[in-house]
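A.B. asks: Mind folding the following:
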Amino acid sequence: MKIHFIAIGGSAMHNLAIALHQKGYQITGSDDVIHDPSKSRLEKRGLCPTEFGWFPEKITTDVAAVILGMHAKKDNPELIKAQELGVKIYSYPEFLYEQSKDKTRVVIGGSHGKTTITSMILHVLNYQDKKVDYMVGAQLDGFETMVHLTKENEFMVLEGDEYLSSPIDRRPKFHLYKPNIALLSGIAWDHINVFPTFENYVEQFKVFTNSLINGGIMVYNEEDDIVKSVVENSEHAIKKYPYTTPKHFIKNGITFLDTPEGDLPLEIFGKHNLQNLAGAKWICQHMGIDEDDFYEAIASFKGASKRLEKIAENESTVIFKDFAHSPSKVKATTTAVKTQYSERTVLACLELHTYSSLNAEFLAAYKATLDQADTAVVFYSPNAVKIKQLEAVTEQQIAHAFERDDLIIYTNPQAFKDFLFECKLQDTALLLMSSGNYGGLDFEALKQLV
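C.D. replies: Presented below is the predicted three-dimensional model:
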């Protein structure tokens with residue numbers, strides 16, 4: 001079967017293309033630009049377009065289906081050609097559902113923690129040699145791709161993103177999966193360019209909860225009041241399993257989990273990660289993994305890429321890189337590092353990079369999010385604001401939003417780099433939070449400071 005990808009270079013799209021290629025499909029694709037690592041990974045398998053751009057002549061009647069990526073526009077010439085020919089057009093999540101509709105679908109949802117929880121589940125299943133299909137939003141140690149599809153596996157584990165499905169399908173992705181087993185980690189208003197009000201955003205999680213199959217299982221974070229309300233007020237015929245932060249303690253910079261078999265040292269830390277672990281344990285148990293086997297496996301879990309990822313460490317200094325950018329994630333991550341390294345100076349550097357974080361009206365949500373840091377820095381690029389065609393954000397607005405008198409603000413990448421490289425990092429935990437790269441920060445060079 002021939003499948004054509006419009007915008008094949010996306011992180012999710014190229015992984016799906018590779019997974020289908022490995023499953024035996026004939027894959028073609030187009031994109032206007034493809035960066036590494038997508039480019040080299042597609043080239044390795046002979047799937048990278050020889051020429052960048054859009055070519056409607058690629059869409060012919062022998063194409064069984066087109067998969068449309070979010071990067072494409074509604075007026076994409078290949079999309080228009082597919083519509084004219086009547087070729088079946090799928091969004092990314094629609095096609096994943098088609099591939100898994102005869103399997104037991106496990107969907108991990110929530111504003112935060114999705115990637116980490118999905119990664120924990122896959123780590124445990126891999127450790128215990130339980131084969132499953134999956135789709136996760138980060139590259140994991142021990143897994144070649146972010147998407148894996150087979151004919152024979154019983155389960156499919158899906159990270160359930162609430163963002164839109166495609167340029168012509170404005171439904172959130174996780175509405176399309178119809179889970180047998182699901183999890184909700186937390187709800188904190190995000191994607192304000194798509195969901196303009198808090199109520200509208202919460203409604204998406206109500207729809208998700210009610211999208212479970214009749215008799216399905218919902219695992220949920222009982223400590224999140226909004227999640228608790230959404231799930232417990234649902235009248236849908238599902239089974240509900242709440243979870244809370246498990247008992248633990250910190251000793252010599254290591255978090256120990258209280259388990260029936262004794263105190264278990266973990267590679268991860270932070271209240272939010274312990275909540276993630278509790279949710280992952282419930283899911284794994286519903287998938288047939290015993291509690292003891294879960295604990296044995298989770299002890300070696302080091303975290304998902306860019307999720308509190310330790311990039312350098314010596315006796316007196318540690319540097320973490322984290323994808324945190326929304327207010328709830330920034331607060332949870334900063335608090336986790338300060339709690340874990342209470343005897344050290346915590347230097348937290350946040351880049352405002354996303355549409356939401358650079359929106360002047362949304363900035364107030366960042367109040368107190370960096371309060372646990374001993375030194376707090378915010379970096380943003382005025383050029384990024386222009387590219388996103390947003391109203392200009394001033395340093396005064398940022399200082400007012402965070403409500404921290406000693407907040408350090410940089411708008412020039414070189415000035416921010418100079419600040420970092422001149423810092424004395426002894427007895428310091430450096431936390432770099434961003435979905436961008438601070439205007440081109442050399443992370444490899446930064447590691448050499450440790």
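
A.B. asks: ok but Ile89 is inside a strand, no?
C.D. replies: Yes: counting by DSSP: H, G, I helix; E, B strand; the rest coil, Ile89 is found in a strand.

A.B. asks: in the sheet, who's paired with it?
C.D. replies: Val66 (DSSP bridges).

A.B. asks: got it, and Leu158?
C.D. replies: Val107, Met135.

A.B. asks: For it, the count of nearby residues, please.
C.D. replies: Using other Cβ atoms under 10 Å, Leu158 is surrounded by 27 other residues. C-beta here means a position set from N, CA and C on the backbone, and glycine is covered the same way.

A.B. asks: How about Gly142?
C.D. replies: Around Gly142 there are 8 other residues, counting by other Cβ under 10 Å.

A.B. asks: ok, which stretches of this structure are helices?
C.D. replies: 11-23, 38-44, 77-85, 92-100, 114-127, 198-210, 225-232, 271-286, 291-298, 327-340, 382-387, 395-402, 413-422, 443-447 (DSSP state H).

A.B. asks: any idea of the mean pLDDT in the fourth one?
C.D. replies: For helix 92-100, the mean per-residue pLDDT is 95.

A.B. asks: With the last one instead?
C.D. replies: Average pLDDT, helix 443-447: 89.

A.B. asks: which strands and helices sit next to it?
C.D. replies: Applying 3 or more Cβ pairs under 8 Å, 6 or more residues apart in numbering; DSSP states H and E, we find helix 443-447 packed against strand 309-313, strand 317-322, helix 413-422.

A.B. asks: do you know how far Leu122 is from Glu403?
C.D. replies: Distance from Leu122 to Glu403, counting by Cβ to Cβ, to the nearest Å: 39 Å.

A.B. asks: More neighbours: those two, which one.
C.D. replies: Taking neighbours as other Cβ under 10 Å, Leu122 and Glu403 compare with Leu122 leading, 24 against 14.

A.B. asks: The more buried one and Phe419: what is the separation?
C.D. replies: 38 Å.

A.B. asks: Repeat that for Pro179.
C.D. replies: For Pro179, the distance to Phe419 - Cβ to Cβ - is 46 Å.

A.B. asks: More neighbours: which of the two?
C.D. replies: Pro179 (26 against 15).

A.B. asks: isn't Glu291 right next to Ala278, touching?
C.D. replies: No: applying Cβ atoms under 8 Å as the test, Glu291 and Ala278 come out as separate, 11.6 Å apart.

A.B. asks: any idea of the mean pLDDT for stretch 383-392?
C.D. replies: On average, stretch 383-392 scores 68.

A.B. asks: Deepest in the core, which of the helices and strands packed on helix 443-447 is it.
C.D. replies: Among the helices and strands packed on helix 443-447, ranked by average contacts under mean count of other Cβ atoms under 10 Å, first place goes to strand 317-322 (a mean of 22).

A.B. asks: rewinding a little: so of the helices of the chain, which one's packed in deepest?
C.D. replies: helix 114-127 (a mean of 25).

A.B. asks: Please name the nearest non-neighbouring residue to Lys417.
C.D. replies: Leu441 (6.0 Å; Cβ to Cβ, 6 or more residues apart in numbering).

A.B. asks: mind putting the helices and strands packed on helix 443-447 in CSV, mean pLDDT included?
C.D. replies: Output for those, formatted as CSV (pLDDT from 0 to 100):
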stretch, mean pLDDT
strand 309-313, 89
strand 317-322, 93
helix 413-422, 92
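
A.B. asks: would you turn those into CSV with distance to Ile8?
C.D. replies: Output for these, formatted as CSV (distance: least, Cβ to Cβ, whole Å):
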stretch, distance to Ile8
strand 309-313, 27
strand 317-322, 27
helix 413-422, 30
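
A.B. asks: Which of these sits closest to Leu352?
C.D. replies: Distance to Leu352, taken as Cβ to Cβ, is lowest for helix 413-422 among these, at 12.2 Å.
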